[in-house]
Structures are given as structure tokens and as C-alpha cells.
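Undergrad: Need the 3D shape of this:
(one chain, ligands or ions: 1)
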Amino acid sequence: MHNIFIIYTGGTIGMVKDETGTFVPFDFELIKRNLPDLSRLDYKLTVHSFEPIIDSSNMKPEIWIEMAQIIKDNYEDYDGFVILHGSDTMAFTASVLSFMLEGLQKPVILSGSQLPIGEIRTDARENMMTALEIASAKQDGVSIIQEVCILFDNKLFRGNRSFKYNSAKFEAFRSPNYPVLVEAGIHLKYNTDALLNNVNKEFILHTKLDNRVAVLKLFPGISAQTIKAVLDSDVRSIVMETFGSGNTTTDSWFLDLLQEAIDQGKNILNISQCKVGSVELGRYETSQGLKAIGVLNGYDLTFEAAVTKLMYLQGELEDQKEVAYWVEKDIRGELTVND
Ligand code: ASP
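TA: Residues are numbered from 1 along each chain as shown. Next up, the predicted model:
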């Protein structure tokens, strides 16, 4: 009998329409009522429902810490964990949990749906059943999946490589910079070479997060005043979303502003506005200056992984230089160094 721990946070999967026709979160009983098959399965399910149940746009670090703690507290007693979560911020939660749960040797699978479980054409049933099956899968007594993942529309993605790209289709997630880990058809097709293997690692829970992170998304014509407002804010790091393979204007006023912030001890992490590909500092003249002043290379990090990795590293490390060192390293399979 498989022993799975379900954490129910809310999201569309368990929503109902109120009298005005707006989707509002509902309790786990709704899911159980609509999934009579659950009781026919060879699973022992334990459910922890968050109070209150939320739309995932209300997700916050306090809840991430509680979630990670629940996993740690129940880690030894279960084969795997399924987190039911709204899709809007699912990639942030999956990313941050991947950093908080170091050396994970069991599956932590986030899933949800685009239509509530009570709707005729819902994608909730497929998603939930497939998530449960993968969360319990073992080979020679060892969990096949040993990382935090997202299961949506018959695909299992590495959590810290994924983002929500479609709010209208069942295929809500993608991870263009990393292969799909499992494809669910008639069989579950595991992409064994792409999976993390933590068998010889120690499982360590990290619960400190420091949210002093800001975001600077560039566009042609952005004013010095706007850039200054972001750089001067009370943060330790700035995620700078640049063009193409990490390029920006070469105007000296712009580089001077960045240099000033770096001199004040702030970290500036360069990630691309492109969803596919990687930052390559120095490939073009338009990124050479950034490299020279000490802008950090985010390689192919997703926006979600960049923000949450900085929150995690800042929670763990006081020294800005140490944060800068680790943010450029691959610590949970979240980036590929290309130089
Ligand atoms: N707004 C919902 C949420 O993120 C959307 C979903 O569940 O897919 O909670």
C-alpha cells in the first residue's frame, strides 16, 4: 500500500462558483466527493488542508515555510508528497521548495488544474491521479523522483525550471530550458537521464527566507529615474531582466547607475526576458560592460527560480559576496552554466 501525504493549499482544482459566478476556494471534501476513485486506489492518503484555503495569488513566504516544515515533519513516514496548489504561483512555490528541501530523496509533486474538479471537462482528475502515481513510484525500493516537480497535462517538469505560460489551455506549464522528466501516456515514460539523484545526500530543511529582492525589467526608453528608484530600494539583490542573451544599452549613465548600486554592496543578477536560451555575458559588446562592473550571470534561470533562489540564499547567508558566489552556481538543478 502506497503512503502519500497530500497538502491542500487551494487553487482552481477545489474551487466552486459563488452567487456572482466568481471562482472561490472550497474545502478538500469537494475534491474527495468528485473523485470516488480515490477510495478504490491502493493508497493510504493523509490530507493536510491549509487554513484558509487560498487562491495561489495570495501565496507568501510564511506559507512556504509552513509547507516545507510539514514535509520535513512527515518525511520518514510517507513515500511521497503531493501539493495541490493554484497554478498562478505554482512555479514560485516549486522553485522555493526545491531550495528549502536540500538533498530530497522523495517526490514532492505540485499539481492543480485549469478547471475545478466539479466541472465536466475538468483536467483535475487526470492531474491528481497521475501526480499520485508518480509520487508513489519506486524502483528497487527507492523513489524514482527525488526532487520538487510540477505535474500538469500529462507532463512532469522540474519545478525550478518551469513557469506558467498559458492561462487558457490545460497545457499550462513549460520548462523550455530543461527536458520533461516524465510523459504520461498509456505508460509513464521516465526520462531517467534528466532526473536528480540525491541518494547519497543528507536531507536538510532550510526555513530562512529573506525577501529583500527587487526586479528591474528593462525596455528601450526606460528612464534613469525609474532605474534609480529600483536600485535605491531597500533590497540586497536586484533581478535584472535584460534583452536576448543578457544584453542592455551601452549608455554610460546606465552602467554608472548599476556600478553605483554594486559599489553599495547590492547584487545585480542578469536573467533574460527570453524564455528559451541563456545569458551569455560578453557574447555581444552590449553585455561586456556588465561583466566588467560585476553584474552576476543568471544563465538560463527562470524568473521564478531567480527570485526564490535569492530569497533562499539571502536567508542563509549574511555576506553579499557569498550570495553572489552561490547564485551563479547550480545548486538544485535550476541552471546550466555555459562558460
Ligand atoms: N487563480 C488560480 C490560482 O492560482 C488559478 C489556478 O488554480 O489555476 O489559485
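
Undergrad: from here on, contacts and neighbour counts on C-alpha atoms
TA: Fine.

Undergrad: which residue packs closest to the spatially most central residue of the chain, ignoring adjacent ones?
TA: Geometric centre of the chain, nearest residue: S95, 2.6 Å, by Cα atoms, centre = their mean. Excluding the flanking residues, the one nearest S95 by Cα to Cα, 6 or more residues apart in numbering is N160, at 4.1 Å.

Undergrad: Can you classify whichever residue of the stretch 101-250 of the chain sits closest to the ligand by secondary structure?
TA: Ranked by Cα to the nearest ligand atom, the top residue of the stretch 101-250 of the chain for proximity to the ligand is Q114, at 4.8 Å. Under DSSP: H, G, I helix; E, B strand; the rest coil, Q114 falls in the coil class.

Undergrad: Buried residues, the lengthiest strand in the chain. List them.
TA: When every strand of the chain is counted residue by residue (DSSP state E), the longest turns out to be strand 43-54. Buried residues in strand 43-54, counted by 16 or more other Cα atoms under 10 Å: 45, 49-50, 53-54.

Undergrad: What parts of the protein come near the ligand?
TA: 11-12, 55-57, 86-89, 113-114 (Cα under 6 Å from any ligand atom).

Undergrad: Now do the SS call for the residue nearest to S95.
TA: Under three-state DSSP, N160 comes out as helix.

Undergrad: quick one: it and E334 touch, right?
TA: Yes. In this structure, N160 is within contact of E334 by Cα atoms under 8 Å, at 5.5 Å.

Undergrad: Give me the spatial nearest neighbour of the residue in the stretch 201-339 of the chain positioned nearest to the ligand, chain neighbours excluded.
TA: Closest residue of the stretch 201-339 of the chain to the ligand, Cα to the nearest ligand atom: E304 (14.6 Å). In this structure, E304 finds its nearest non-sequential neighbour in F92, 5.1 Å apart by Cα to Cα, 6+ apart.

Undergrad: Repeat that for A214.
TA: In space, A214 is closest to I238, 4.7 Å off (Cα to Cα, 6+ apart).

Undergrad: and that neighbour, that's in a strand?
TA: Yes. Assessed with three-state DSSP, I238 lies in a strand.

Undergrad: Return the residues in contact with it.
TA: By Cα atoms under 8 Å, 6 or more residues apart in numbering, I238 lies in contact with 213-216, 231, 266-269.

Undergrad: for the buried residues of strand 43-54, which one is nearest the ligand?
TA: Closest to the ligand, out of all of these and judged by Cα to the nearest ligand atom, is I54, at 6.6 Å.

Undergrad: Could you check how far that closest one is from V213?
TA: 24 Å (Cα to Cα, to the nearest Å).
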